[in-house]
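Peer 1: need a structure here:
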Amino acid sequence: MTNNFITKAPDNHHLSTLVDYYFYINIPVEDLILAEEYVIPFPRITFGYFFDHPFLVTNHDLGESRTVKMVISRISAHNITVKPQTDRVKIIGAHARPHILAHLTDEPIEEMDWLINTQELFQNKAMGFQDEIENCATPDQMFKVIEQTFLDSLLVKDLSIISGALEVIEEYSGEVSLKQVASKLKVTDRTLRSWFHKSIGCAPKEYIDLVRLKCAIYKMKFSDSTLTNISHDSSYCDQAHFIKTLKRITGKSPKRLRKDMPDFRFLQF
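Peer 2: As a prediction, this is how the structure comes out:
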């Protein structure tokens with residue numbers, strides 16, 4: 001941890017089940033390895049406020065680009081890149097479990113945009129958050145504001161089925177089938193699919209694949225293991241299957257992905 005990159009876990013117990021951690025990053029663009037970075041698909045959503053240093057976010061699968069200042073990402077396996085539009089990266093944000101969105105809105109998540117405009121979704125609350133953040137003098141003050149904003153925005157809902165499904169999938173590092181998850185929760189496959197679409201915005205199989213990918217990429221980034229060993233440790237049937245799966249989800253081979261591992265996405269680990 002440096003003054004350029006600070007993280008903090010939520011203080012509130014309930015929020016700690018929904019938010020992995022808050023983060024603050026403040027660094028000149030010239031200190032980054034890459035000016036434009038590919039977003040590795042990840043089983044988390046990210047909230048970010050970019051101050052006066054917006055980013056250009058491009059969804060290459062949809063052929064759409066957005067200049068953003070305050071956004072929430074959705075779970076996606078699309079080919080997305082991010083690029084700073086000024087000479088500095090300055091972000092206050094949070095990495096959160098995907099069902100937090102269902103606690104923040106009654107709108108079905110599957111019907112929401114691939115990149116959620118926070119100001120459009122939360123309107124006055126978003127503007128109030130921006131005003132408070134801009135008046136903070138330290139990251140610690142910002143973390144208190146972001147936590148209180150989440151607490152003030154949470155809707156009371158019973159999401160025990162979807163939260164239970166996510167726990168099972170992560171417990172097994174993605175090495176579990178939809179049928180096995182549904183059986184453990186004592187619900188039908190159809191019920192579980194419905195919960196995923198309306199509360200996460202993707203199919204259960206897509207989420208399971210992203211959790212499995214996350215575990216493999218973590219090993220690629222933080223270990224010296226060969227790609228062959230990583231494919232076996234991640235329970236892919238063989239290296240060919242490992243390569244095929246990563247190419248399908250990320251568009252890159254494991255070797256290329258390991259070489260191009262970007263700066264920003266390490267925040268998720």
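Peer 1: so how far is the lengthiest helix in the chain off the chain centroid?
Peer 2: Longest among the helix segments of the chain by residue count, using DSSP state H, is helix 204-222. Centre-to-centre, helix 204-222 and its host chain are 12 Å apart (C-alpha atoms, centre = their mean, to the nearest Å).
Peer 1: A216 touches S234, doesn't it?
Peer 2: Yes - using C-beta atoms under 8 Å, A216 is in contact with S234, at 4.3 Å. (Each C-beta comes from the backbone N, C-alpha and C, glycine too.)
Peer 1: about what we covered before: which positions in the longest helix of the chain come out as buried?
Peer 2: In terms of neighbour count (16 or more other C-beta atoms under 10 Å), helix 204-222 has its buried residues at 204, 206-217, 219-220.
Peer 1: any idea which of the residues you listed is closest to K186?
Peer 2: P204 (15.7 Å; C-beta to C-beta).
Peer 1: how near is that closest one to D31?
Peer 2: Shown here: P204 relative to D31, a distance of 40 Å by C-beta to C-beta, to the nearest Å.
Peer 1: before we move on, what about S253?
Peer 2: Distance of S253 to D31, computed by C-beta to C-beta: 28 Å.
Peer 1: Contacts only, for the residue nearest to A165 when sequence neighbours are not counted.
Peer 2: Leaving aside its chain neighbours, A165 sits nearest to V181 (5.3 Å; criterion: C-beta to C-beta, 6 or more residues apart in numbering). Contact analysis of V181 by C-beta atoms under 8 Å, 6 or more residues apart in numbering lists A165, V168, I169, L192, P204, I208.
Peer 1: Now pLDDT and distance to E120 too, for these, in JSON lines please.
Peer 2: Shown next, in JSON lines, are these (pLDDT from 0 to 100; distance: C-beta to C-beta, whole Å):
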{"residue": "A165", "pLDDT": "97", "distance to E120": "29"}
{"residue": "V168", "pLDDT": "97", "distance to E120": "34"}
{"residue": "I169", "pLDDT": "96", "distance to E120": "31"}
{"residue": "L192", "pLDDT": "97", "distance to E120": "30"}
{"residue": "P204", "pLDDT": "95", "distance to E120": "28"}
{"residue": "I208", "pLDDT": "93", "distance to E120": "31"}
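Peer 1: Pick the one among those residues closest to D113.
Peer 2: For the contacts of V181, the nearest to D113 is P204 (21.5 Å; C-beta to C-beta).
Peer 1: got a list of what that closest one touches?
Peer 2: A165, L178, V181, L192, R193, F196.
Peer 1: in the stretch 51-200 of the chain, which spans are helices?
Peer 2: Secondary structure of the stretch 51-200 of the chain, counting by DSSP state H, counting those that start in this stretch: helices at 100-104, 118-122, 124-134, 139-153, 160-171, 178-185, 189-199.
Peer 1: Out of those, which is the most enclosed?
Peer 2: The highest mean neighbour count among the helices of the stretch 51-200 of the chain, using mean count of other C-beta atoms under 10 Å, belongs to helix 100-104: a mean of 22.
Peer 1: S253 and D31: who's more crowded?
Peer 2: S253 (15 against 10; other C-beta atoms under 10 Å).
Peer 1: State the pLDDT value of the more buried one.
Peer 2: Per-residue confidence (pLDDT) for S253: 82.
Peer 1: Flag the shaky bits of the chain, pLDDT-wise.
Peer 2: Residue ranges of the chain with pLDDT under 70: 1-3, 34, 235, 237, 261-269.
Peer 1: redo that, cut-off 50
Peer 2: The chain contains residues with pLDDT under 50 at 1, 263-269.
Peer 1: domains for it, by residue range?
Peer 2: 5-153, 160-268 (automatic domain parsing).
Peer 1: No more questions from me, cheers.
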